Every structure is written in structure tokens, then in C-alpha cells.
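A.B. asks: A structural model of the following input is requested.
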Amino acid sequence: MINREILEKIKLWLGKEKILIIKGARQVGKTYLLKEIKEILEANNKKVVYLFADDIDNKPILKSLATLELYLGQYFNFPNEYIYLMIDEFQVLDEAGLLLKNIFDKYKDKIQLIVSGSSALEINKNSEYLTGRAIHFNISRVDFKEYFNFSENVNIKRYEFNNFKELEVFYEIFKSKLELNLGTYLSYGGYPEVLTTQGIVEKEEVLKSIIKTYIDKDIINQLNIKNVTGFNNLIKILVGQIGQLVNSNELSNTANISINTLKKYLEILVGTYIIDLVTPYFKNIRSEISKMPKVYILDIGIRNYLLRSFNLGINESGGVMENFVYNTLLAQYDKEYIHFYRTNSGAEIDFVIEDKNNKLILCEVKYRNKVSVPVLVKNFEKRYNNVSKKLIITKDILKKDGEVYFIPVTLLSFVKF
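C.D. replies: Next comes the predicted model:
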């Protein structure tokens, strides 16, 4: 199975007085992560209880604090013994947040809650009860570094910028394998089951099954989408314009839905981990939230399935590579810290990243053989005096020119920001 980097971050919080919330789309490996954590705990002689909230047999147990107390007391000697309680897909429970709050407040020194959920909309609705009580972990699809390590049976870590020589050696050794693996990754996306399935036809069938189940059953049915045709049209329009500005009026007219319905559907697509809407960078927050965002899809495989465009390969350019870069950045930065910059004349810097020291990292995707530092990058640095790094993402050029790093797109996953 593919080793997930997020596991090490979660392990740091085991045994602490915090509820651990593991959230992400269906089929990205949340349940597998829970089982890995369970094995780690049990290997250290810890008592672990695992309940799948959507299982009909578990619904009576999770109906209230009283029923849960009774079950844990009868079968696990609780609260006399400390336990780790795992609840998979907890958001399906009625008043899930209130239940977790009550358990935590009464037994935080006797129990640690580790829960998973597939809908940010439902999780956020329940989070009002959990302020100060919970730590959230976003589980994305498998990123390229995780897939490469799995595919090549290696354990490559991220390289610091000050270890540029090591990065050069790594690239020289693995260049062809990086390109080959990225071709597969760009064709089928980052769902673990798809990546671990052998054969092109089989990969496409698994991806089709995941997407149809996720969109048709989990999103359209459970979230009560009224205009199914309009919703499906909207998704296809969005995946066909990844990396472009989202003009609400144009989208509304093209998808033949009202502006209010469009806003609702966009919120659902973001909340169910299908797309992200990236806001422009401004110092004035009022300006930032009033400008049009750009759209990126959170798994390239979804885009390829909906557009019937597999086998993109390493020579794909334009929005797909920009989208890949965005998804790669998400492995190290929360989406709230990733923006783009656009002038009134339409010139853009693809990504402006706010780091933990309130410094800015500029990242421009130039997927071609000859590249240079865009004038806008130089002008931005003059206007804002807190730029710490400048990255140009290239096709295959790796070099450092003063304070500018030229990084091949295949290497970006292996660089530590």
C-alpha cells in the first residue's frame, strides 16, 4: 500500500487531550489511515475501539452519550480503562458535533476520539461545538512524491533549498523515472485504488466507479441536488477551464442555472473536495474577496474521466500542469495561504504563497524548454518587500540563478518549502 506522509503528523497527537478529525474525499484512504493508526496503538498495548458510523448495527450505539457509555462500559471496561475511540464517517450521525463535545468534555482524560469525515460541509457544520477541542487533518488524494516512492519502492524525502546540489544529483539519477511516473499520475490522478491497480483498462474502470459513486450517490443524492443536469454541466465546464478565472455570470448562463444556484453548487463542489477556488493576492482583504477566483480540480483523474481525455503524458502543458503544481503545493500549505496575482492588464503570477513567517513565495509555471524570470515577478518584488523565494516551474530545467530557483515540474514534490 502507498505510505501517506500525513500519518507522521497525526501520530504526534496520539494520546493528547484533543479530538483528531481526519477529513477528505471518499476513497482517498481515510479508513486505511485509521486502521494503520489502530495497528500502531495496538502494537503499543493500547485499547482501541473502531466503529463505522454508517453501519446499521452501530447506529444504536452512537445514538447518544448514554448509549455509547453503556456499550463501552460493557465491552471495553470503560471508563476504568483508557481507550481510543475511532468513528469512521462520523458526519452521518445526528448532532455529531454535539455528541463528540459531550464525550470529550466528560471523559477527555479517559478517551481520545479519532474520527473521519468525507464532507467539509457537514464537518464544518458540526465544528461549532469543537472549537478548541479538535485538531483537523486534511487527507488529500495521493501526491506525486507518495506515488513515486510506492512505484519505485524507494523512500525519497524532501530536499531543502540549501541542499541544491543533492537535488541536482537526485534529478540526474531519477530524471527518466520521474517523467515516466508523472505521465501515469497525470493520466489517472491520485486515488490510491486507481494508482495501485494494474492495467490501463482496469485503472479507467476503477476511476469511473469511484467518480460515479462519489458524484451521483454521495453528492447528488445525499446533498439533495435538485437540478442534476445543471450540476453535471457545471462540473464539466469547470474541469474544462482549470487554471482560469471563474466568472459567475458566464458560468450561470453557460450551465443554465441561476446565480444563487451556482453559488450553492460551487460551495458543494468545494465542500466535497472536487474543486478549489483560489483567491487573488491583495494587501486589502476587501479587494481580495471581491475579485474573481481561479478554479482548480483536486484530482486530475476526475478531469480526465469527465472530458474522456486519458493518457495526457509528460508533454501535457497549460492548465493541467498548473493544476498539478497547485495540488503539489497543497501537500505543504493549506489552501488559505495559496493565492494568485493578477494586474488590471491581465498579467499574472500563478501562485503567491504566504509562509509561516509572513513571507511570500512566488511560483510561476513556465512549462517549456526556454524560460526566464517574468517582468511581473520583478515588479511584484519591488512593490512588496517581503518576498522570500522565487520559483519558476519548468519542463526540465534545474538551476539556481541568484535568488531564483528553476525547478522541473517532476521535482516540485521533492522540494521542501
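
A.B. asks: When you work out contacts or count neighbours from here on, use the C-alpha atoms and nothing else.
C.D. replies: Fine.

A.B. asks: so where is this protein shaky, pLDDT-wise?
C.D. replies: By pLDDT under 70, the low-scoring segments of the chain are 120-126, 285-290, 311-317.

A.B. asks: Longest helix of it, counting residues only.
C.D. replies: Using DSSP state H, we find that the single longest helix of the chain is helix 164-188.

A.B. asks: and the helix or strand just after that one, what other elements does it pack with?
C.D. replies: Next in sequence after helix 164-188, counting helices and strands by DSSP states H and E, comes helix 192-196. For helix 192-196, the elements it packs on are helix 164-188, helix 200-212, judged by 3 or more C-alpha pairs under 8 Å, 6 or more residues apart in numbering; DSSP states H and E.

A.B. asks: For I37, list the residues it contacts.
C.D. replies: L7, K11 (C-alpha atoms under 8 Å, 6 or more residues apart in numbering).

A.B. asks: what about it, helix or strand, and which?
C.D. replies: I37 belongs to helix 30-43, assigned by DSSP H and E.

A.B. asks: what do you get for F148?
C.D. replies: F148 belongs to helix 144-152, assigned by DSSP H and E.

A.B. asks: who's in contact with V352?
C.D. replies: Neighbour list for V352: Y281, I338, H339, F340, Y341, L360, I361, L362, C363 [criterion: C-alpha under 8 Å, 6+ apart].

A.B. asks: Just checking: what are the partner strands of whatever helix or strand it lives in?
C.D. replies: Taking DSSP H and E as the criterion, V352 maps to strand 348-354. Here strand 348-354 is paired, per DSSP bridges, with strand 338-342 (antiparallel), strand 360-365 (antiparallel).

A.B. asks: how long is stretch 5-23 end to end?
C.D. replies: From its first residue to its last, stretch 5-23 covers 15 Å (C-alpha to C-alpha, to the nearest Å).

A.B. asks: Can you tell me what sits against it?
C.D. replies: With C-alpha under 8 Å, 6+ apart as the test, stretch 5-23 has contacts from 30, 33, 37, 104, 108-109, 112-120, 133-139, 146.

A.B. asks: what's the offset of that stretch from the middle of its chain?
C.D. replies: 17 Å (C-alpha atoms, centre = their mean, to the nearest Å).

A.B. asks: Spatially nearest residue to T67, not counting backbone neighbours?
C.D. replies: Distances taken as C-alpha to C-alpha, 6 or more residues apart in numbering place I61 nearest to T67, at 5.4 Å, with adjacent residues excluded.

A.B. asks: what sits against that neighbour?
C.D. replies: So I61 contacts T67, L68, Y71 (C-alpha under 8 Å, 6+ apart).

A.B. asks: Show the buried residues in those residues.
C.D. replies: L68, Y71 (16 or more other C-alpha atoms under 10 Å).

A.B. asks: how close does the residue nearest the centre of the chain sit to I22?
C.D. replies: The chain has S140 as the residue nearest its centroid, 3.3 Å off, counting by C-alpha atoms, centre = their mean. S140 sits 10 Å away from I22, going by C-alpha to C-alpha.

A.B. asks: hang on, the earlier thing: put together CSV for the strands paired with strand 348-354, with distance to I297 on each row.
C.D. replies: Below are these laid out as CSV (distance: least, C-alpha to C-alpha, whole Å):
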stretch, distance to I297
strand 338-342, 14
strand 360-365, 17
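
A.B. asks: Tell me which of those lies nearest to L266.
C.D. replies: Closest approach to L266 among these (C-alpha to C-alpha): strand 338-342, 18.1 Å.

A.B. asks: Need the contact partners of the closest one.
C.D. replies: V278, T279, P280, Y281, F282, E348, I349, D350, F351, V352, I353, E354.
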